[in-house]
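In: sequence-free structure coming up:
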Ligand code: ADE
């Protein structure tokens, strides 16, 4: 299916029954063969789902895995987290970054205990009243904890829809994607369906030039693209392939100015990953 950009008058045309069915088959066939096991997919305990979804907001699955297990072992339910000392919560959060998420998670627990009788509210609307929970996170919690057919987009889901339904487009707005998420949703098995979309989207990222570059929301979703961690990886890969590169050659390859990467190359030298000889970098 190709979708033509809507004008202000038009809505995105609804996909045909056949194209919906074909899309579902593709996603499900992928998932049958490539399902990724994850500890938080073994449970529907609302507390465990909240912890994992908050951790997964800005951190990748591999980094979350062990942190999640340690966290729920030490704080097994809302009550335990609500009455914990923030110091200790932050200590367990070490390595995940964005500490405000840990503070929000503790506040969520306190609110669930104080205002909701210890039970996580099961509606998207009420979930969004909790700290650190926006519409997408509330919807993912509703799907994963309560198997509700909520409609939402996150980065991997976005990639799937842009790839399948907006092949020739740039600047795809999430408002154009949402009706398709709704139209294709498996209402009987939302939880499994969203796992499938997320796993399929993760695989597409490895296979394709990132389809999310064609999202109107791309830069906002991708702070990581300019991050030090990403620069370090790109610099090391380039110097490995091109020993004795100058700072200018490396910067040119990354489409950056030398000043943008000097702090990072400097650190790589200090840490022993790179060596600098006569103004040229090579891998040690
Ligand atoms: N499985 C459940 N929630 C997930 C998420 N936010 N990202 C990736 N996989 C998930």
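Out: Okay, I see it. Since we're looking at a predicted model, the values are computed, not measured.
In: drop to CA atoms for contacts and neighbour counts, all remaining ones
Out: Noted.
In: which phi and psi does residue 274 have?
Out: Residue 274 adopts backbone torsions of phi -120, psi 150, taken as degrees, to the nearest 10.
In: Look up how far the ligand lies from it.
Out: 34 Å (C-alpha to the nearest ligand atom, to the nearest Å).
In: Tell me what that residue is bridged to.
Out: residue 283 (DSSP bridges).
In: Begin at 15 from now on, thanks
Out: Will do, 15 is the new start, and the previous item becomes residue 288.
In: you'd agree it is up against residue 282?
Out: Yes: between residue 288 and residue 282 a contact is recorded at 5.6 Å, counting by C-alpha atoms under 8 Å.
In: more crowded one of these two?
Out: Set side by side, residue 288 and residue 282 show more neighbours around residue 288, with 21 against 17, by other C-alpha atoms under 10 Å.
In: give me every residue that touches that one.
Out: 250, 279, 282, 295, 296, 297, 298 (C-alpha atoms under 8 Å, 6 or more residues apart in numbering).
In: So which of those is the closest to the ligand?
Out: residue 250 (27.8 Å; C-alpha to the nearest ligand atom).
In: So for the helix or strand harbouring that closest one, what gets flagged as buried?
Out: Secondary structure assignment for residue 250, by DSSP states H and E: helix 242-255. By 16 or more other C-alpha atoms under 10 Å, the buried positions in helix 242-255 come out as 245, 246, 249, 250, 252, 253, 254.
In: count of residues packed around residue 257?
Out: Counted with other C-alpha under 10 Å, residue 257 comes out at 12.
In: Over to it. Which of the three states is it?
Out: Three-state assignment for residue 257 (DSSP: H, G, I helix; E, B strand; the rest coil): coil.
In: That one against residue 295, yeah?
Out: Yes: applying C-alpha under 8 Å, one finds residue 257 in contact with residue 295, separated by 6.6 Å.
In: What ranges does the protein have for its strands?
Out: With DSSP state E as the criterion, the chain has strands at 288-291, 294-297.
In: pLDDT at residue 286, what is it?
Out: Looking at residue 286, its pLDDT is 80.
In: What residue, apart from its backbone neighbours, is nearest it spatially?
Out: Excluding the flanking residues, the one nearest residue 286 by C-alpha to C-alpha, 6 or more residues apart in numbering is residue 298, at 7.1 Å.
In: my read: the one you found touches residue 284, true?
Out: No: using C-alpha under 8 Å, residue 298 makes no contact with residue 284, being 11.6 Å away.
In: what residues does this structure put near the ligand?
Out: 67, 70, 209, 212 (C-alpha under 6 Å from any ligand atom).
In: isn't the last one right up against residue 170?
Out: By that I understand residue 212. Yes: Residue 212 lies in contact with residue 170 (C-alpha under 8 Å); the separation is 5.2 Å.
In: Looking at these two, which one has more neighbours?
Out: It is residue 212, of residue 212 and residue 170, that has more neighbours when counted by other C-alpha under 10 Å, with 24 against 19.
In: residue contacts, that one?
Out: 170, 171.
In: what does residue 81 give?
Out: So residue 81 contacts 106, 107, 110 (C-alpha under 8 Å, 6+ apart).
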